[in-house]
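*Asks:* Structure for the following, please:
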Amino acid sequence: MKHFTLLVTFLLPLIVSAQFTGRVVNDNNEPVPFASVKVKNTSTGTVTDSVGRFSFIVNQPFPFTLIVSSAGFGQREFIVRNANNNNILVQLESLFQRDTVVITSRRRREVLQDVPIPISVISGAQVEDAGAFNVNRVKEFVPSLQLYTSNPRNTGINIRGLGSPFGLTNDGLDPGVGFYVDGVYYARPAAATLDFIDIERIEVLRGPQGTLFGKNTTSGAINITTRKPSFKPGANFEVSYGNYGYVQAKSSITGALSKKFAARLSFSGTQRNGLVENVRTTKSVNDINNIGFRGQLLYKPSDNTSLILSVDDSRQKPDGYAQVVAGVVVTKRPAYRQFGAIIADLNYQLPSQNAFDRVIDHDTPWNSGNDLGGASLNFDTKIGQGTLTATTAWRYWNWRPSNDRDFTGLQALAKSQNPAKHNNWSQEIRYAGEFSSKLTGVVGLFYIDQEVKIDGTEESGNAQWRFSQSSTSNLWQTPGLFEGYGIYTKASIKSQSAAAFANVDWEVAKGLHILPGIRFNYDKKDVSYNRVARGGLDTATYNGTTAQKTTLQGFKNGVYTSQAYVADADENNLTYQLTVAYRVNKRINAFATYSTSFKPVGVNVAGLPTVNGQPALDLAVIKPEDLTHFEVGIKTNPTDNFTFNIVYHNSDIKNYQTNVQSAELGVNRGYIANAEEVRVKGLEVDANFKLNSHFSFYGALAYTDGKYVKFTNAPLPLEETGLTENGVQKAFKDISGGDLPGISKWAGSVGGEFTTPAAFLGKAGKLFIAADGYYRSSFSSSPSPSAYLNIDGYALLNGRFGFRAVNGLSAFIWGRNLLDKDYYEQLLPAGGNAGHYAGVLGDQRTYGVTLRYSF
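*Replies:* Got it, this is the predicted structure:
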């Protein structure tokens, strides 16, 4: 007992419960928020607060060692020898001296160059200064990213040429590129056409990411992070003016409501006059009319826990997106069925033979009412050395269009519109962080329930008879035969998707990381389609012979027929990935990845083509895509101010889901079919170089080769419409070996900026001048390779010059497409395949001035 008392007396000073405090700073003595502070070989620890301070209870004998780490900094060990070492200052050394980029793509804060995934990052400031206010502009920074839009609904986002079928959108198909805003999955690609609101950072992940994100992402993901509420008051106000009546206003204000509540309210509005003149109405179309807001309420009961309630709503009401006739091809149909002969018989001429005169004479209004919004509740709490996150979200999308799908001033199609309403609920729960000193990762569950309701109308006008005429019978000219004759569609899709996913990073030896990932996915879809054909001449009461009545009804049935079907599909799959990464030293990080992925089963909800007069019901449900992918890459920092990355990738897809066009008007927006196999491979290079405190440069280059390895039942290209073989009309052809649409072999972006300290109106800041360029080589704009529907390569040059301040007034002038290059973004055949096709025109030269005030 005596010896025990002596032992206690000796150890008591060394084992004491004490409040231990300190502060973590960087090389410039600036606070490092949310740094990890742990007692070595124990579970005791905490994270720093927003000003770099930390405090926790220590129950350890002296001396003990603190391990302090944070993304973008080297880990540091600090020995605490006695109780007098309280209120310590720990200084962390930056891993790279210049422009370290911290990302959250793997659901935790990491340095971009440490992550063995090809990722492109665009800061909010870079987006704002370049005037890139939606994804269509962001693609100019990331050459592997493609976005095609003939209107908000018919929008496809692709990465490396994969993601969404090129052309018109089918609501029964899931996108292969995930679009996330603050962890919330946006199910509708129309979101890509809306204005960005208060963006902090955009991360573009290339390649399958299903083991990191809730919704399966077979081609990649766009991960957008917005600026969050702050307890420190702040605001910014911005207004821009430009040619063509361009006006954009943006504002954001944030601050504390109490000790535990903070809020942020952001607004954006954009207007611009039309860039295409309708000579029939003397009105300009293809204008911009966007407005949106985002509100966020932050509740922070402690440094370890936060809840953010977010609400957003965006509206687009443009007179657009009108397409302009870009050319006419001679099809394989008889001479009287060629476009030139048709319009000659109708005494019509196009208003211009040059699409870049930017004039139309369309008789049906172009409108694209696009409403998208929702609400989400995000809960984060730190548990151990990781964070538990739960995100609940509801989103809606309303689409109200009007189109002139014949692309002329003739009443071939008097109406062509496919309004839709979409609602979805989603729930994601995940844990991400450190499981041990050698093991980090993310594990999660995801569920989404969606419903789309479609109420479509397509009606013929008084010129439809000539476009549909398939014989020389005079009965085609029967008055009123097609006028008002159309299809009226009610369709719906209900879908559910659930998934469990996990991805870990295990450092098996110094610098050597093994990163396995796994995903189990379940998808279910139910579709109901009911199309009723009605209107036009009542052939039953027509004053003619029975044979004439039968013939006239046959003419009508050749244009539109009623069609109805129900279908359902469900499937589950297990996919995985394995990455091996080796960081040779702090300047070289090499990696190799092999992964599998599935794109969910699809359903057709825009009408099916007919075979012998009957709908091809075998096309109602489309098989899921089966993807295998590998890539090897290296990320380097040859010097502190230079990064250089290169990656080779190869994807093989079986049952590739492709959207094809049909010569039948009743197939309202094309239909989905499976190509047996496609392959996409390529090489990507990106670099950033900061020469000194004044000059910085970036560049990115992508070589992409996409082929149909096997597609034996593809639709005919436009110029082969009407092709016969041995007297039998052909509807399909073998295009194996042909190029995939929408993929340029070469694409690249390059830019640079010069800055120098300056004062403006008594405020310190930087004077800057910057330029950036974007190039892509020619690409096919037809699902089946065509000799005509190909878009020439083009290059765009943008620039800006002005004064930039962190706080106070910033002002600069900007210009886009400074060389005023005429170019197409997409070419689309007109309904019915008479031989003419239209183009989605790129914007001509635009310029303006921006004023911004921040505090």
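
*Asks:* where in this protein is pLDDT low?
*Replies:* Applying pLDDT under 70 to the chain flags the ranges 1-18, 71-72, 94-108, 131-133, 167-169, 610-614, 660-670.

*Asks:* That one: helices as residue ranges?
*Replies:* Assigned by DSSP state H, the helices in the chain fall at 2-11, 124-129, 135-138, 339-345, 464-468, 546-559.

*Asks:* which of those helices sits most buried?
*Replies:* Most buried of those, by mean neighbour count (mean count of other Cβ atoms under 10 Å): helix 464-468, with a mean of 24. No exception for glycine: its C-beta is placed from N, CA and C like everyone else's.

*Asks:* ok now that helix, how far from the chain's centre?
*Replies:* Its chain's average C-alpha position is 39 Å from that of helix 464-468, according to Cα atoms, centre = their mean, to the nearest Å.

*Asks:* And for stretch 284-296?
*Replies:* 18 Å.

*Asks:* Show me which residues of that stretch are buried.
*Replies:* For stretch 284-296, burial by neighbour count (16 or more other Cβ atoms under 10 Å) applies to 284-296.

*Asks:* Return the backbone torsion pair for Ile195.
*Replies:* Small correction: residue 195 is Asp, not Ile. phi -70, psi 140 (degrees, to the nearest 10).

*Asks:* so can I have TSV of the helices of the chain showing distance to Gly172?
*Replies:* Listed next are these as TSV, based on distance: least, Cβ to Cβ, whole Å:
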stretch	distance to Gly172
helix 2-11	71
helix 124-129	33
helix 135-138	23
helix 339-345	31
helix 464-468	27
helix 546-559	24
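
*Asks:* Looking at those, which is nearest to Val181?
*Replies:* Val181 lies closest to helix 135-138 among the helices of the chain, at 11.4 Å (Cβ to Cβ).

*Asks:* Might you report the residue contacts of Gly124?
*Replies:* By Cβ atoms under 8 Å, 6 or more residues apart in numbering, the contact list for Gly124 reads Asp198, Ile199, Glu200, Arg201, Ile202, Arg227.

*Asks:* my bad, Lys228
*Replies:* Glu200, Arg264, Gln296, Leu298, Ile308.

*Asks:* if we can go back for a sec, just the buried ones among the contacts of Gly124, please.
*Replies:* Buried among these by 16+ other Cβ under 10 Å: Asp198, Ile199, Arg201, Ile202, Arg227.

*Asks:* The second one reaches Ile222, doesn't it?
*Replies:* No. With contact defined as Cβ atoms under 8 Å, Ile199 does not count as touching Ile222 (11.5 Å).

*Asks:* Quick check: Ser144 vs Ile769, distance?
*Replies:* 28 Å (Cβ to Cβ, to the nearest Å).

*Asks:* thinking again about what came up before, any idea which of the contacts of Lys228 is closest to Ile57?
*Replies:* For the contacts of Lys228, the nearest to Ile57 is Leu298 (27.2 Å; Cβ to Cβ).

*Asks:* Please work out how many residues are found near the closest one.
*Replies:* Close neighbours of Leu298, defined as other Cβ atoms under 10 Å, add up to 22.

*Asks:* beta partners for it?
*Replies:* Ala262, Ile308 (DSSP bridges).

*Asks:* Cross-check the contact I'm expecting between it and Thr305.
*Replies:* No. The criterion here is Cβ under 8 Å, and Leu298 misses it with Thr305 at 11.2 Å.

*Asks:* what sits against Ser497?
*Replies:* Lys215, Asn216, Phe446, Tyr447, Ile448, Gln450, Asn521, Tyr522, Asp523, Lys524, Pro600.

*Asks:* Would you convert those into JSON lines that also reports distance to Lys586 and neighbour count?
*Replies:* What follows is the contacts of Ser497, written out as JSON lines (distance: Cβ to Cβ, whole Å; neighbours: other Cβ atoms under 10 Å):
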{"residue": "Lys215", "distance to Lys586": "35", "neighbour count": "23"}
{"residue": "Asn216", "distance to Lys586": "34", "neighbour count": "27"}
{"residue": "Phe446", "distance to Lys586": "35", "neighbour count": "22"}
{"residue": "Tyr447", "distance to Lys586": "41", "neighbour count": "15"}
{"residue": "Ile448", "distance to Lys586": "40", "neighbour count": "21"}
{"residue": "Gln450", "distance to Lys586": "45", "neighbour count": "20"}
{"residue": "Asn521", "distance to Lys586": "37", "neighbour count": "22"}
{"residue": "Tyr522", "distance to Lys586": "42", "neighbour count": "15"}
{"residue": "Asp523", "distance to Lys586": "43", "neighbour count": "23"}
{"residue": "Lys524", "distance to Lys586": "48", "neighbour count": "17"}
{"residue": "Pro600", "distance to Lys586": "41", "neighbour count": "26"}
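
*Asks:* thinking again about what came up before, tell me which two of the contacts of Lys228 sit farthest apart.
*Replies:* Largest separation among those by Cβ to Cβ: Glu200 and Leu298, giving 14.5 Å.

*Asks:* then stretch 301-309 to CSV, C-alphas only?
*Replies:* Below are the C-alpha coordinates for stretch 301-309, written out as CSV (Å, rounded to 0.1, in the frame of the first residue of the first chain):
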residue,chain,number,x,y,z
PRO,A,301,-25.2,24.8,-32.6
SER,A,302,-21.5,23.9,-32.2
ASP,A,303,-18.3,23.9,-34.1
ASN,A,304,-18.8,20.3,-35.0
THR,A,305,-22.4,20.4,-36.3
SER,A,306,-24.3,22.5,-38.8
LEU,A,307,-27.6,22.4,-40.7
ILE,A,308,-28.2,24.4,-43.9
LEU,A,309,-31.7,24.9,-45.3
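
*Asks:* list the buried ones in that stretch?
*Replies:* Buried, per 16+ other Cβ under 10 Å, within stretch 301-309: Asp303, Ser306, Ile308.

*Asks:* Output those residues in TSV, with distance to Ser314 appended to each entry.
*Replies:* Converted to TSV, the buried residues of stretch 301-309 look like this (distance: Cβ to Cβ, whole Å):
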residue	distance to Ser314
Asp303	33
Ser306	25
Ile308	19
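
*Asks:* wait, which of those residues is closest to Glu110?
*Replies:* Nearest to Glu110 among the buried residues of stretch 301-309, with distances taken as Cβ to Cβ, is Ser306, at 19.9 Å.

*Asks:* for that closest one, what are its contacts?
*Replies:* Contacts of Ser306 (Cβ under 8 Å, 6+ apart): Leu298, Tyr299, Lys300, Phe379, Asp380, Thr381.

*Asks:* mind redoing it with 6 Å?
*Replies:* Ser306 makes contacts with Lys300, Asp380, as judged by Cβ atoms under 6 Å, 6 or more residues apart in numbering.

*Asks:* again with Ile791
*Replies:* Here Ile791 is in contact with Phe779, Ser781, Tyr824 (Cβ under 6 Å, 6+ apart).

*Asks:* pretty sure the first one is touching Ala747, no?
*Replies:* No. Counting by Cβ atoms under 6 Å, Phe779 stays clear of Ala747, with 9.2 Å between them.

*Asks:* Next, count neighbours for Asp829.
*Replies:* No, residue 829 isn't Asp; it's Pro. Pro829 has 25 nearby residues by other Cβ under 10 Å.

*Asks:* So what sits opposite it in the bridge?
*Replies:* Bridge pairing for Pro829 (DSSP bridges) gives the partners Tyr837.

*Asks:* what comes up buried for stretch 243-260?
*Replies:* Tyr244, Tyr246, Gln248, Lys250, Ser251, Ser252, Thr254, Ala256.

*Asks:* List the contacts of Leu718.
*Replies:* Val329, Ser786, Pro829.

*Asks:* could you measure the nearest residue to it once chain neighbours are set aside against Ala326, distance?
*Replies:* Excluding the flanking residues, the one nearest Leu718 by Cβ to Cβ, 6 or more residues apart in numbering is Pro829, at 4.7 Å. Distance of Pro829 to Ala326, given as Cβ to Cβ: 10 Å.
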